[in-house]
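Undergrad: fold the following for me, if possible:
(2 chains)
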Amino acid sequence: MKIHEYQGKALLKSFDVPIQDGIVIDTLDQAETAIQTVQQEFNTEAVIVKAQIHAGGRGKGGGVKYSPTADEALSNVQAILGSTLVTHQTGPQGQKVRKVYITEALDIAKEYYAAITLDRSKAKHVFMVSTEGGMEIEKVAAETPEKIAKVWIDPLVGMKPFQARILGTALKLEGEALKSAMKIFMDMYRCYEETDASLVEINPLVKTEDGRIIALDAKFNFDDNALFRHKHIADLRDLNEEDPTEVEAGKYHLNYIKLDGTVGCMVNGAGLAMATMDIIKLSGGEPANFLDVGGAANVDTVKNGFKIILSDPHVKAILINIFGGIVRCDRVAKGVIQAVQELDLSVPVVVRLEGTNAKEAKLILAESKVSIIPANNMQDAAQKVVAAAKE
Amino acid sequence: MSILVNKDSRVIVQGITGSEGTFHASQMLDYGTRIVAGVTPGKGGQMALDGQIPVFDTVEEARTKTQADVSIIFVPPAFAADAIIEAAYAGIGLVVCITEGIPIHDMVRVKRIIDMEGTRLVGPNCPGIITVDECKLGIMPGFITRKGSVGVVSKSGTLTYEAIGQLVSAGLGQTTAIGIGGDPIIGTSMKDVLQLFEADPETEGVVIIGEIGGQMEIEAARWAQKNMSKPIVGFIAGQTAPPGRRMGHAGAIVSGGDDTAEAKMRILGECGIAVCESVATIGETMKRMLKA
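TA: Just a heads-up that it's a prediction; the model follows:
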């Protein structure tokens, strides 16, 4: 789960990390008061107006505006709030800006990068810092990997002060600035661990002209599987930032991701679902979605799956691919027939059922009066559904 | 011969009185697995599975009273890390964890602990292990397998079944099939399983099934290139997966670099593995490799 910058910063602040602070608003009539309050509270004439969307690249997309005066701040809020922001991460359709964050403006001497995430191959947490702040870290990693310093943190030991010192000196910090950075790194790790985050990223972390170290941005990812023990974090979820169909699918415990093709698919198991998408592509079609129905492929699951898939108007044919282990294929077949009848489907449906009671299932499909195209294996199924989608 | 489990494995089921645990324990028992005890805190002294299996409060007690050497875990995600550590501290050598949805920070700690204790963990979030006609330790449908000479290791459950189904259609049986799980942190890697299959005299060839995300397939391939004498057939799921989106499994996400399907397929090929571009050709490719 992702959260907004302003939420991430509030979280960092609660772990004693100094942040570039501000006020978030969601209507225009709050703007004037908010701008005044930020100016007074942080003793600054200039403020920054920042669009709050989950996607990155907000600055380049025109969603972050330095505003030297209150008047300019107001006109920037008017321009950004309610607009649709297009960045390299939103896709061409962009994302509507529903909240704007008005923050203090700081005199920045130097920008850094700092992040903690999981290193899967080492089974440890990795803390990365770089002197190349403000840039895309993937680019730094590809072009100048020597500019990224890393320490690996043993989850049983936790982060040790010497590791924070290694990171701080890698940023060539000295004196009070080094001390502040070390404390920030320790607090960041505490925040990462105690909130079950899978990513805490501050980009940029800045040194101000007067020598303070401050988080100018905050990006968090949280482990969905751990949200049950962090209600205050689960409450930060913003459904406006998620694809409405994917949210809807989640209500039915279906794992759905929309893609750009015309061949819908419904599969049990994530690996088989990906392999099904792949073989559709290899057979000359384009998958319209990823959909894992999980272990229980019954009438309701199949019906809900159809509804979700068909909410995408580009879908021209649907492939159901089930390898029944615990799931009995004859029950799936009956479910498919019932769902097709009740929903009065307008697109062709190819069904491939293998595993437990597959023979009985094939018989049931063959004898049914609904127009289902049976398939014998994945190759056969993929060819049939691609042909059906092109008709 | 086979790897990890056989007809003599003495099995504890942690979470035996839960609905998942009860269902799958009885399926395992039907397959011939020697289940010797169950563990459910607070239900020690009872009998599970129609009075066939004694239930204990702790793994320690179950192990000492039944000489169990293997444990399989069906407890809910919030308690699964505790259950794995309990089994490791009780001296269980092999732990299979079926549970899906264990918090990642829990698993990172568990991984360090099992390494220190010398416990082998398979999973979590996996279908388990099946040594054909001897021992089923998990949720795989036993009837789809045939005894034979091919080892199968996979990150995905239903893709394991798909591969087994194709092998059987091609006239090939299996020694052992293992689902290692699709989470970012898992106990047993693909390379670990390849090492075991290489050492098993009965296994003549191995199918490896990977997916996008992580470096595990590449690590296994590089090891195999130097150390493996048996033919390997490989498939990587997720050629059409968009970057940055998690495809079901918590670990199946392209985050840049060598973790795309294309990169993994290329590197597997460079390491001498017969890479299947289409999932539909796994069985016949293995047949061809074993004839050559």
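
Undergrad: which ones are touching the closest residue to residue B:212 other than its chain neighbours?
TA: Nearest residue to residue B:212, sequence neighbours excluded (C-beta to C-beta, 6 or more residues apart in numbering or on different chains): residue B:238, at 3.5 Å. (Glycine included, C-beta is placed from N, CA and C.) By C-beta atoms under 8 Å, 6 or more residues apart in numbering or on different chains, residue B:238 lies in contact with A:274, A:278, B:211, B:212, B:213, B:247, B:252, B:254, B:260, B:261.

Undergrad: as JSON lines, the residues you listed with distance to residue B:230, neighbour count and secondary structure would be great.
TA: Converted to JSON lines, the contacts of residue B:238 look like this (distance: C-beta to C-beta, whole Å; neighbours: other C-beta atoms under 10 Å in any protein chain shown; DSSP: H, G, I helix; E, B strand; the rest coil):
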{"residue": "A:274", "distance to residue B:230": "27", "neighbour count": "30", "secondary structure": "helix"}
{"residue": "A:278", "distance to residue B:230": "26", "neighbour count": "24", "secondary structure": "helix"}
{"residue": "B:211", "distance to residue B:230": "23", "neighbour count": "30", "secondary structure": "strand"}
{"residue": "B:212", "distance to residue B:230": "26", "neighbour count": "29", "secondary structure": "coil"}
{"residue": "B:213", "distance to residue B:230": "26", "neighbour count": "26", "secondary structure": "coil"}
{"residue": "B:247", "distance to residue B:230": "30", "neighbour count": "27", "secondary structure": "coil"}
{"residue": "B:252", "distance to residue B:230": "27", "neighbour count": "28", "secondary structure": "coil"}
{"residue": "B:254", "distance to residue B:230": "30", "neighbour count": "20", "secondary structure": "coil"}
{"residue": "B:260", "distance to residue B:230": "27", "neighbour count": "19", "secondary structure": "coil"}
{"residue": "B:261", "distance to residue B:230": "24", "neighbour count": "23", "secondary structure": "helix"}
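
Undergrad: and the furthest pair within those?
TA: Greatest spatial distance among those (C-beta to C-beta): A:278 and B:213, at 14.9 Å.

Undergrad: what does the lowest-mean-pLDDT helix or strand in chain A contact?
TA: The helix or strand with the lowest mean pLDDT-type score in chain A, counting by mean pLDDT, DSSP states H and E, is helix A:137-143 (a mean of 84). Residues outside helix A:137-143 that contact it (C-beta under 8 Å, 6+ apart): A:113, A:115, A:128, A:130, A:132, A:147, A:148, A:201, A:203, B:256.

Undergrad: mean confidence for the helix or strand hosting residue B:129?
TA: Taking DSSP states H and E as the definition, residue B:129 sits inside strand B:128-131. Confidence over strand B:128-131 (mean pLDDT, whole number) is 96.

Undergrad: neighbouring strands of it in the sheet, and parallel or not?
TA: Using DSSP bridges, strand B:128-131 pairs in its sheet with strand B:135-138 (antiparallel), strand B:174-179 (antiparallel).

Undergrad: identify the residues contacting that strand?
TA: Strand B:128-131 is contacted from outside by B:2-6, B:72, B:96, B:98, B:122, B:135-140, B:142, B:145, B:174-179, using C-beta under 8 Å, 6+ apart.

Undergrad: go on, stretch A:197-214?
TA: Stretch A:197-214 is contacted by residues A:12, A:17-20, A:106-118, A:133-134, A:137, A:173, A:176-177, A:180-181, A:184, A:188, A:191-192, A:215-223, B:104 when judged by C-beta under 8 Å, 6+ apart.
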